[in-house]
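**Student:** Sequence first, predicted model second:
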Amino acid sequence: MTRTYVPPTWEKNMLEVSGLQAGYGLSQVLFDMHLSIEQGQVVSLIGRNGMGKTTTVKSIMGLLKPTAGSVLIHGREMRGAAPYRIAQAGLGLVPEGRRGFGSLSVRENLLATATRGKWDLARIYQLFPRLQERQDQLSKTLSGGEQQMMVVARALLTNPQLLILDEATEGLAPIIRETIWSCLASLKAEGETILVIDKNLKEMARVVDCHHIIEKGRQVWHGTPAQLAETPELSQRYLGV
């Protein structure tokens, strides 16, 4: 069921990753990674733990320097650029693990990296009313779910052209997970471009246009949630479910 990678039309793509190789010291993790995201598309990167999903994100965001390959953002080569250059190019990251500034208030966390654009504090508070209720509270005193809302909101306030969420619902209570998925559904309805890494195929099916399966540092399949559901052998082989 492995599909041959076929490069899509360049002009449509917000992000195009091709032939990416990267690793840590002598340990190579990505061998020939391909990934493309069109403007307004919601795409997932899925696979078992240790297959290279987070390494792909780090390589895209400039947090890890690839050894080969290409990272094009709107057709501009950005492989190996500094993280702030990647952010300036329009990418916003919700990293794995909640990383707020604990000694700052919720409001201060949100405004720390905010830029001008359609996402401002008023819109964020509409999306996450609980953050408005907690805006004067130190972020380190928030629950885990509230901290995750804050980190998602902080990324949105950078007004990214592509929002990347790395395991944004992991370890959260069901009601908070539902809040995050509802948020992503709202963002999709507004035409936001999103790359999501998560394990919950059922919830992702609500918002994702295309799944990309990664195995041992390579993309081995891509297709719609419906196509993945129709081929359970793919899940058994690559996702361990």
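**Tutor:** Yep, that arrived.
**Student:** Against residue 236, how distant is residue 193?
**Tutor:** Note on residue 193: its distance to residue 236, by Cβ to Cβ, to the nearest Å, is 31 Å. Glycine gets a C-beta too; all of them are placed from N, C-alpha and C.
**Student:** Compare those two (neighbour count), which wins?
**Tutor:** Neighbour totals were compared for residue 193 and residue 236, and residue 193 leads with 23 against 10 (other Cβ atoms under 10 Å).
**Student:** Check the more buried one and give its pLDDT.
**Tutor:** Looking at residue 193, its pLDDT reads 96.
**Student:** so who does it touch?
**Tutor:** Neighbouring residues of residue 193 by Cβ atoms under 8 Å, 6 or more residues apart in numbering: 14, 37, 38, 39, 40, 41, 42, 161, 162, 163.
**Student:** Ok, residue 204 next?
**Tutor:** Applying Cβ under 8 Å, 6+ apart, the residues near residue 204 are 44, 46, 196, 198, 211, 225.
**Student:** Any chance of CSV for the residues you listed, columns pLDDT?
**Tutor:** Shown next, in CSV, are the contacts of residue 204 (pLDDT from 0 to 100):
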residue, pLDDT
44, 96
46, 95
196, 96
198, 92
211, 96
225, 94
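**Student:** Once you drop chain neighbours, what's closest to the residue of the chain most remote from its centre?
**Tutor:** Distance from the C-alpha centroid of the chain, by Cα atoms, centre = their mean, peaks at residue 136 (28.0 Å). Spatial nearest neighbour of residue 136, chain neighbours left out: residue 105 (5.5 Å); criterion: Cβ to Cβ, 6 or more residues apart in numbering.
**Student:** How about the contacts made by that neighbour?
**Tutor:** Counted by Cβ under 8 Å, 6+ apart, residue 105 has contacts 135, 136, 137, 138, 139.
**Student:** Is it bridged to anything, and to what?
**Tutor:** Under the criterion DSSP bridges, residue 105 forms beta bridges with residue 138.
**Student:** Can you give the distance of the longest helix along the chain from its chain's centre?
**Tutor:** Ranked by residue count, the top helix of the chain under DSSP state H comes out as helix 174-189. Relative to its chain's centre, helix 174-189 lies at 14 Å (Cα atoms, centre = their mean, to the nearest Å).
**Student:** Can you give me the buried ones in that helix?
**Tutor:** Residues of helix 174-189 classed as buried by neighbour count (16 or more other Cβ atoms under 10 Å): 176, 177, 179, 180, 181, 183, 184, 187, 188.
**Student:** Closest one to residue 33 out of those, please.
**Tutor:** Taking Cβ to Cβ as the measure, residue 184 is the one of these closest to residue 33, at 23.5 Å.
**Student:** quick one: that closest one and residue 198 touch, right?
**Tutor:** No - look at residue 184 against residue 198 with Cβ atoms under 8 Å: they stay out of range, at 9.6 Å.
**Student:** Quick check: neighbours shared by the two?
**Tutor:** With Cβ under 8 Å, 6+ apart, residue 184 and residue 198 have common neighbours residue 165.
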